[in-house]
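>>> Provided below for reference: sequence and predicted model.
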Amino acid sequence: MEKRKEKERKKQEREGGRERKIKSDLVQAVYNRIYEIDESNGSQLLFKMDHRLRLEMNGDGEELTAQETALYDRQIRVWGADAQRRLSKAHVLVYGIKGTIAEFCKNIVLAGVGSLTLIDDRPITEELLSSNFLIPPDENIYNGKTIAQLCCDSLKDFNPMVRVFVEKGDLSSFDVEFFGKFDVVVVSCCSRSAKKLANEKCRKASKRVAFYTVDCRDSCGEVFVDLQDYKYQKKKMEETIECHLKYPCFEDALSVPWRALHRRMSKLYFAMRVIEKFEEVEGRSAGDVSDADLSNVLKLKKELCTAQSLNESHVPDTLLERLVADTTEFPPVSAVIGGILGQEVIKAISGKGDPIKNFFYFDASDGKGIIEDISDSNIGN
């Protein structure tokens, strides 16, 4: 009898050890990005970890693989397997890669977006080295390569399951058909006119393309969102309700008269418009301002406030001075804005959760994030 019990005990130990090894292997796969999981053992455990491994949406019967379910298990538990599947099929385009966009790219690559296409033909500068963690600080590595090429190499290491591509060209050179290949377009490091043109092309595409612009200067940041005619779901108590939002295009949002906006409007909104206008008038590229331009920027502020019938106190000189004096992105702020942007893009792709409509502002001086709805339908509200 004793021998039989001893034999049974050893058998249980062997089975327990085998199960622990399977779990250990899966954890290793998730955290070290090792994707060659033992199908015969690992997949059985994966089904126990999340019974929604087999997914169906719109009747096409596609599935998340065992490797994807292992890698994305924690986030599947947060936003659901259906949202993860939508994300894995989505195609995102990014133009202009500074610190904030680098943070955003990292976030969606780790989240498991289907593909990410990068456009930024600029060479490496000292400013970019200090703000973009995707660029290796080794001249032997970055010499002769563009920002997009270097960021592409780094992002592939973050998650080899995500396809990362590089395109070359100026933003204005791409046509409607090109933008229509993507589900999400994120634009940065360019002029107001370039953003306007890209937004117009996205709206002319044969399908709905979510459009975002990002501008981060010093310790302040701005995000613009255009989801066009957008339907989504959100939970209210115990039920899921369908919601519908209509977004203005980039130019329409910025064309709303300043005097028509509510009194507590973010001062960053006005300050960003002043600097944006200054760069346009002077023929400067985005971010190409310095202390030497401050007097002319303040002069332009007075002119714009007069033309828009807005009290100058809504655009503090001290705020403009901050934005002009140092256009370098502040890494902690880049992390905040990049995180918010990543979250919003995931919402737009999954169709779950209240999205931002239609501007977001963050200022590290007070640590506040503010959402502003700037559209004709919301004037004065």
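Nice, thanks for sending it over.

>>> quick one: the strands in the protein?
With strands called from DSSP state E, the chain shows them at 91-95, 115-119, 163-167, 184-188, 210-217, 220-226, 229-236, 239-246, 359-363, 368-372.

>>> Throw those strands into CSV and include mean pLDDT and distance to P137, thanks.
No exception for glycine: its C-beta is placed from N, CA and C like everyone else's. Compiled in CSV, those are given as follows (pLDDT from 0 to 100; distance: least, CB to CB, whole Å):
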stretch, mean pLDDT, distance to P137
strand 91-95, 99, 22
strand 115-119, 99, 19
strand 163-167, 98, 21
strand 184-188, 98, 22
strand 210-217, 97, 21
strand 220-226, 98, 24
strand 229-236, 88, 41
strand 239-246, 91, 43
strand 359-363, 98, 27
strand 368-372, 96, 31
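
>>> I'd like these written out as a markdown table, with distance to K106 and mean neighbour count added.
What follows is these, written out as a markdown table (distance: least, CB to CB, whole Å; neighbours: other CB atoms under 10 Å):
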| stretch | distance to K106 | mean neighbour count |
| --- | --- | --- |
| strand 91-95 | 11 | 24 |
| strand 115-119 | 10 | 22 |
| strand 163-167 | 11 | 16 |
| strand 184-188 | 13 | 25 |
| strand 210-217 | 14 | 26 |
| strand 220-226 | 16 | 24 |
| strand 229-236 | 25 | 13 |
| strand 239-246 | 28 | 10 |
| strand 359-363 | 18 | 21 |
| strand 368-372 | 20 | 16 |
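
>>> In the chain, where is pLDDT below threshold?
Low-confidence segments of the chain, defined by pLDDT under 70: 1-62, 377-381.

>>> And it, split by domain according to the record?
What the record gives for the chain is the domain set 23-81, 90-254+329-378, 258-325, from automatic domain parsing.

>>> most tightly surrounded among those?
The highest average neighbour count among the domains of the chain, using mean count of other CB atoms under 10 Å, belongs to domain 90-254+329-378 at a mean of 19.

>>> Pull the residues that contact stretch 155-171.
Identification of contacts with stretch 155-171 by CB atoms under 8 Å, 6 or more residues apart in numbering yields 33, 35, 67-68, 71, 95, 105-106, 109-110, 112-119, 121, 134, 146, 148-149, 152, 174, 187, 190, 194, 197-198.

>>> starting at the chain centroid, how far to it?
Stretch 155-171 sits 14 Å away from the centroid of its parent chain (CA atoms, centre = their mean, to the nearest Å).

>>> got the CA coordinates for it in CSV?
Output of stretch 155-171 as CSV, limited to C-alpha atoms (Å, rounded to 0.1, in the frame of the first residue of the first chain):
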residue,chain,number,x,y,z
LEU,A,155,10.1,49.0,-33.5
LYS,A,156,10.5,45.6,-35.2
ASP,A,157,12.5,44.5,-32.1
PHE,A,158,9.7,45.6,-29.8
ASN,A,159,7.3,43.2,-31.4
PRO,A,160,8.3,41.0,-34.4
MET,A,161,4.7,40.0,-34.9
VAL,A,162,3.9,43.5,-36.1
ARG,A,163,4.8,44.4,-39.7
VAL,A,164,6.6,47.8,-39.8
PHE,A,165,7.3,49.5,-43.2
VAL,A,166,9.0,52.6,-44.4
GLU,A,167,7.7,54.9,-47.2
LYS,A,168,9.6,57.9,-48.7
GLY,A,169,8.1,61.2,-49.8
ASP,A,170,6.6,64.5,-48.7
LEU,A,171,3.2,64.3,-47.1
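
>>> Find the nearest non-adjacent residue to A83, please.
Closest residue to A83 apart from its sequence neighbours, by CB to CB, 6 or more residues apart in numbering: S350 at 3.6 Å.

>>> Quick check: nearest residue in space to I374, chain neighbours excluded?
Leaving out its chain neighbours, the residue that sits closest to I374 by CB to CB, 6+ apart is A253, at 5.1 Å.

>>> residues contacting the one you found?
Taking CB under 8 Å, 6+ apart, one finds F224, D226, N358, F359, I374, S375 in contact with A253.

>>> so what's the third one up against?
Right, N358. Listed by CB under 8 Å, 6+ apart, the contact partners of N358 are F224, V225, D226, Y247, P248, A253, E372, D373, I374, S375.

>>> Report the separation between the nearest residue to the last one once chain neighbours are set aside and Q149.
Residue nearest to S375 in three dimensions, not counting chain neighbours: P248, with 4.4 Å by CB to CB, 6+ apart. Here the criterion is CB to CB, to the nearest Å. By it, P248 lies 35 Å from Q149.

>>> And for E177?
When CB to CB is applied, the distance between E177 and Q149 equals 24 Å.

>>> beta partners of L93?
Going by DSSP bridges, L93 is paired in beta bridges with T117, V185.

>>> Please give me every residue in contact with it.
With contact set as CB under 8 Å, 6+ apart, L93 has these partners: T117, I119, F179, K181, F182, V184, V185, V186.

>>> want to try a markdown table for those residues, with distance to R85 as columns?
Formatted as a markdown table, the contacts of L93 follow (distance: CB to CB, whole Å):
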| residue | distance to R85 |
| --- | --- |
| T117 | 21 |
| I119 | 27 |
| F179 | 24 |
| K181 | 20 |
| F182 | 18 |
| V184 | 16 |
| V185 | 21 |
| V186 | 22 |
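
>>> Much appreciated, bye for now.
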